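Student: I'd like to go over a predicted model; first the sequence, then the structure.
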Amino acid sequence: MTSFTKKLGQLATSLLTILLAPVARYAERLFVLGVTPMQSASFGDLLDPRFQKIFAEEQKQLKSMISEIYTVIPTNGRNNMTFSEVGTLSDWEEFTGKIPFSSINQGYDVTMTPVEFAKGIQVERKLYDDDQYHIFEQRPKNLASSGNRKREKDAARIFNNAFNVDSYFYQHSEGVALCSNSHTTTSGASTASGFDNLSTAALTATAVFAARLQMLGFRDDQAQIYDVEPDALWFPPDLSEQAFEITKSQGKVDTANNNRNFHEGRYSLHEYRRLTDTNNWFLVDSSQMKKYLFWADRIPMEFAMVEDFDTLVAKWRGYGRWSMTYVDWRWANGSQVS
């Protein structure tokens, strides 16, 4: 019986050795590579998955203007994305027995390149252990908030940099500012009229009317009247009172007579806190804006965490890659007020 038990024990040992051989080889490989096998004791609550959940939930709750301004497009794994303006055709001609064919002119190109952004936080294990008021739960929220704030600032670049050539996220081959009095065309058509979307007047009823006429006079690449309909005012909080009076008053603004106000109810109002200049304002065609402005998240904002084995310092980080661009300028009239 003793001999049988001994043989049974030897058999069990051999079987266990066979079963554990792959694990032993893997551990040996980690040792050779200098990789310390992960031990559960080395990962405390600082790596709790709920912090990732807090980050994600906070990100969902944060307000964003991106989808209101831009058409959000997928990158489909691409780094650089190139768009081209598509020209228009001249008017139809009278049919005299043969179809008159015309070619479509290719306009300017714009290449959009996503930029990487990141931010990290380091936390000592003992600080977390001594946290009695769950203050550390705010850290992932702060990380999400700072990332969202950066995205929103970048979204506002389309307005804040409208009067300068901006090449941070994109390269536009026209080579002039979004709002400029020197726009050109690749077709060779005359640009003497209808290629100016820059104003300098302060926000008044008279200035809005002039900006509207300027937009209605926009021309396409064939120097034909362009189909644009201004329907929105974008302005900083400092101009909110003026914008409200101009568009909501029944009678004409700043006049003693009681004539009806032409601008009443004509424009939606967009008080945009991200506008950095307190005097500049924009008259916009909302549908054309969404048609020509694009935003792409190459890598949406993400959250990750790791703990240093030797120092017990946890590292949390956020990362993302995004970009924005415009293809055509015929959606806005910008007023750069000195």
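Tutor: Noted; the coordinates are in hand. Residues are numbered from 1 along each chain as shown.

Student: Give the residue spans of this structure that score low on pLDDT.
Tutor: Along the chain, the model assigns pLDDT under 70 to residues 1-61, 128-137.

Student: what do you get if the cut-off is 50, keeping everything else the same?
Tutor: Per-residue confidence for the chain (pLDDT under 50) gives these ranges: 8, 15-16, 18-20, 22-47, 133.

Student: just the strands in the stretch 201-338 of the chain please.
Tutor: With DSSP state E, counting those that start in this stretch as the criterion, the stretch 201-338 of the chain has strands at 232-235, 268-271, 281-284, 293-307, 313-326, 332-335.

Student: So which of those is the most surrounded?
Tutor: Neighbour counts (mean count of other CB atoms under 10 Å) averaged over each of these peak at strand 281-284, with a mean of 26. In short, each C-beta sits where N, CA and C put it, glycine included.

Student: For residue 124, give me phi and psi.
Tutor: Main-chain dihedrals, residue 124, degrees, to the nearest 10: phi -80, psi 140.

Student: quick revisit: got the strands of the stretch 201-338 of the chain as a markdown table, with distance to residue 194 columns?
Tutor: Listed next are the strands of the stretch 201-338 of the chain as a markdown table, based on distance: least, CB to CB, whole Å:
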| stretch | distance to residue 194 |
| --- | --- |
| strand 232-235 | 21 |
| strand 268-271 | 25 |
| strand 281-284 | 16 |
| strand 293-307 | 21 |
| strand 313-326 | 18 |
| strand 332-335 | 12 |
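
Student: Ok, which of those strands comes nearest residue 138?
Tutor: Among those, the nearest to residue 138 by CB to CB is strand 313-326 (11.9 Å).

Student: you'd agree residue 330 is up against residue 197?
Tutor: Yes - using CB atoms under 8 Å, residue 330 is in contact with residue 197, at 7.4 Å.

Student: what residues are shared contacts of the two?
Tutor: Both residue 330 and residue 197 are contacted by residue 218, under the criterion CB atoms under 8 Å, 6 or more residues apart in numbering.

Student: Neighbour count for these two, which is higher?
Tutor: More neighbours surround residue 197 than the other of residue 330 and residue 197, with 26 against 22 (other CB atoms under 10 Å).

Student: Next one: the more buried one from residue 177, what distance?
Tutor: For residue 197, the distance to residue 177 equals 10 Å [CB to CB, to the nearest Å].

Student: Repeat that for residue 108.
Tutor: Residue 108 is 13 Å from residue 177, by CB to CB.

Student: Show the contacting residues for the nearest residue to residue 334 once chain neighbours are set aside.
Tutor: Leaving aside its sequence neighbours, residue 334 sits nearest to residue 179 (CB to CB, 6 or more residues apart in numbering; 3.3 Å). Contacts for residue 179 (CB under 8 Å, 6+ apart) come out as 162, 163, 197, 198, 282, 329, 332, 333, 334, 336.

Student: try it again with 10 Å
Tutor: Residues near residue 179 by CB atoms under 10 Å, 6 or more residues apart in numbering: 159, 161-164, 196-199, 280, 282, 329, 332-336.

Student: State the distance from it to residue 283.
Tutor: Counting by CB to CB, the gap from residue 179 to residue 283 is 11 Å.

Student: okay, and the common contacts of the two?
Tutor: What both residue 179 and residue 283 touch, as defined by CB under 10 Å, 6+ apart, is the set 197, 199, 332, 333, 334, 335.

Student: The spatially closest residue to residue 238 that is not a sequence neighbour - how many residues pack around it?
Tutor: Using CB to CB, 6+ apart and skipping the chain neighbours, the partner closest in space to residue 238 is residue 278 (4.1 Å). If you count neighbours by other CB under 10 Å, residue 278 ends up with 11.

Student: mind listing what residue 278 touches?
Tutor: Neighbours of residue 278 in contact, by CB under 10 Å, 6+ apart: 235, 236, 237, 238, 239, 337.

Student: Which ChimeraX command selects the buried ones in those residues?
Tutor: In ChimeraX, a selection of the buried entries from the contacts of residue 278 looks like this (16 or more other CB atoms under 10 Å):
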select :235,236,239
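
Student: Dump the contacts of residue 278 to TSV, plus distance to residue 96.
Tutor: Listed next are the contacts of residue 278 as TSV, based on distance: CB to CB, whole Å:
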residue	distance to residue 96
235	52
236	57
237	60
238	60
239	56
337	53
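
Student: which of the contacts of residue 278 lies closest to residue 205?
Tutor: Closest to residue 205 out of the contacts of residue 278 is residue 239 (12.8 Å), distances taken as CB to CB.

Student: That's all I had, so thanks and see you.
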